[in-house]
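Q: sequence? don't have it. structure:
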């Protein structure tokens, strides 16, 4: 993953004269990755759009207080993950659905929603992913699609590398079983 | 050496617990990835699976940048921070005081003209006093007529109320029970 020169960007963001330029640079660099990360969790474009915007508003508000003990992009990924999962929780509260029903709802969007294409096997993979527990789905997405390293995923999710490897291994096993069915 | 000396005990002998096998450097760091990569699983058979079946509207990401900037930087420029407002207020007050002080101290003394009553003719003074008196009389007359108007309105309201009470006797009660 290309990473912006973090120190320079943060210095520019803290200065009133260069703040706008620095933030524009940050948004341009990360918005697509964040959008696709969120989209894989919330499935619909409209929800992904709302959540992505909310993520960058939060980034803007808290960037001055960002402690540089982690990488900027893992910090943004962490905010995005939290926001996307909170969105699913809100969905659950709003519609009084259980989390399984929420996943059923997401499967429904996958089948009938707009701005969804892809061939049969890609759709099958997405449906298989929706059957996984939240954590396994997250880890699988970040490792398989986003190609993040375990260290980076550990920083984003606040989990140990060992636990992540176990989650990914289980996810792969379940997905392959699912894809090989019929 | 006696048989007793040759006897080796597993307990109390840490040397025996040592692992005698070795692996290449960094072997365990890459083991998991190798297992996944080498698996014959369907996930590694096709790159197509790594493509997402999702789409976005045309020019979406250009619009997304604008939308995010509008909701962050755009919002901030419209709201003036309190500190800045205070700074402006303090500066404005200081500037005003400085201006007033400069007028007071720099104005030549002779230019301040004190009007003297002796310079005004008697006729003018009498006219002024007449005008003052008549305007006050107008005001009092106005107040009197307003009082009359209000009295009339109250009397009219009381008459209507008396009529209502005479025709609706159930409304004619007093409030003694609520008077505590």
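A: Nice, I can see it. All of these numbers come straight from a predicted model, not from anything done at the bench.

Q: Residue B:48: neighbour count?
A: 11 (other Cβ atoms under 10 Å in any protein chain shown). To be clear about C-beta, it is placed using only N, CA and C from the backbone, and glycine gets the same treatment.

Q: can you pull the contacts of it?
A: Shown in contact with residue B:48 (Cβ atoms under 8 Å, 6 or more residues apart in numbering or on different chains): A:119, A:121-122.

Q: Equivalent analysis for residue B:64, please.
A: So, once contact is read as Cβ under 8 Å, 6+ apart, residue B:64 ends up touching A:31, A:35, A:49, A:52-53.

Q: Distance check, residue A:64 against residue A:15.
A: Using Cβ to Cβ, to the nearest Å, residue A:64 is found at 11 Å from residue A:15.

Q: Around chain A, pick out the residues from chain B.
A: For chain B, the contact set with chain A under Cβ under 8 Å from any Cβ of the partner chain comprises B:32, B:36, B:39, B:41-43, B:46, B:48-57, B:60-61, B:64-65, B:67-69, B:71-73.

Q: Please pick the buried ones from those.
A: With burial judged by 16 or more other Cβ atoms under 10 Å in any protein chain shown, the buried subset of those is B:32, B:36, B:42-43, B:49, B:52-54, B:56, B:60, B:64, B:67-69, B:72-73.

Q: before we move on, the earlier item: need the max-distance pair from the contacts of residue B:64.
A: Within the contacts of residue B:64, A:31 and A:49 form the most distant pair, 10.8 Å apart (Cβ to Cβ).

Q: what's near enough to touch the residue of chain B found nearest chain A?
A: The minimum distance from chain B to chain A, using Cβ to the nearest Cβ, falls at residue B:53 (2.2 Å). Counting by Cβ under 8 Å, 6+ apart, residue B:53 touches A:110, A:116-119, A:122-123, A:126.

Q: wait, what's in contact with the residue of chain A at minimum distance from chain B?
A: The nearest approach of chain A to chain B comes at residue A:118, 2.2 Å away (Cβ to the nearest Cβ). Residue A:118 makes contacts with A:126, B:51-54, as judged by Cβ under 8 Å, 6+ apart.

Q: mind redoing it with 7 Å?
A: Going by Cβ atoms under 7 Å, 6 or more residues apart in numbering or on different chains, residue A:118 touches residue B:53.

Q: and it, what pLDDT?
A: pLDDT for residue A:118: 70.

Q: hang on, isn't residue A:113 packed against residue A:44?
A: Yes: if you go by Cβ atoms under 7 Å, residue A:113 and residue A:44 touch, sitting 5.6 Å apart.

Q: neighbour count winner among those two?
A: Under the neighbour definition other Cβ under 10 Å, residue A:113 and residue A:44 were set side by side, and residue A:44 has more, 18 against 14.

Q: so who does the more buried one touch?
A: For residue A:44, the contact set (Cβ under 7 Å, 6+ apart) comprises A:109, A:113.

Q: hang on, the earlier thing: quick check: the farthest pair among the buried ones among the residues of chain B next to chain A?
A: Within those, B:42 and B:73 form the most distant pair, 46.1 Å apart (Cβ to Cβ).

Q: out of the contacts of residue B:48, which are inside helices?
A: Secondary structure from DSSP state H places A:121-122 of the contacts of residue B:48 in helices.

Q: So which of the contacts of residue B:48 wins on neighbours?
A: residue A:122 (19 neighbours).

Q: which residues touch that residue?
A: Residues in contact with residue A:122, defined by Cβ under 7 Å, 6+ apart, are B:48-49, B:51, B:53.

Q: okay, now residue 24: neighbour count?
A: This is for chain A. Neighbour tally, residue A:24, other Cβ under 10 Å: 15.

Q: that's the wrong chain, I wanted chain B
A: Neighbour count of residue B:24, defined by other Cβ under 10 Å: 7.

Q: can you confirm it is in a strand?
A: No: counting by DSSP: H, G, I helix; E, B strand; the rest coil, residue B:24 is not found in a strand; it is coil.

Q: Can you report phi and psi for it?
A: Main-chain dihedrals, residue B:24, degrees, to the nearest 10: phi -60, psi 160.

Q: what residues are up against it?
A: Counted by Cβ under 7 Å, 6+ apart, residue B:24 has zero contacts.

Q: near chain B, which residues of chain A?
A: Contact residues, chain A versus chain B (Cβ under 7 Å from any Cβ of the partner chain): A:20, A:23-24, A:27-28, A:31-32, A:36, A:39-40, A:45, A:52-53, A:56-57, A:60, A:115-118, A:121-123, A:125-126, A:144-145, A:165, A:172, A:175-176, A:179-180.

Q: C-terminal to the least confident helix or strand in chain B by mean pLDDT, what's the next element?
A: Using mean pLDDT, DSSP states H and E, the weakest-scoring helix or strand in chain B turns out to be helix B:3-6, at a mean of 62. Using DSSP states H and E, the helix or strand that directly follows helix B:3-6 along the chain is helix B:14-17.
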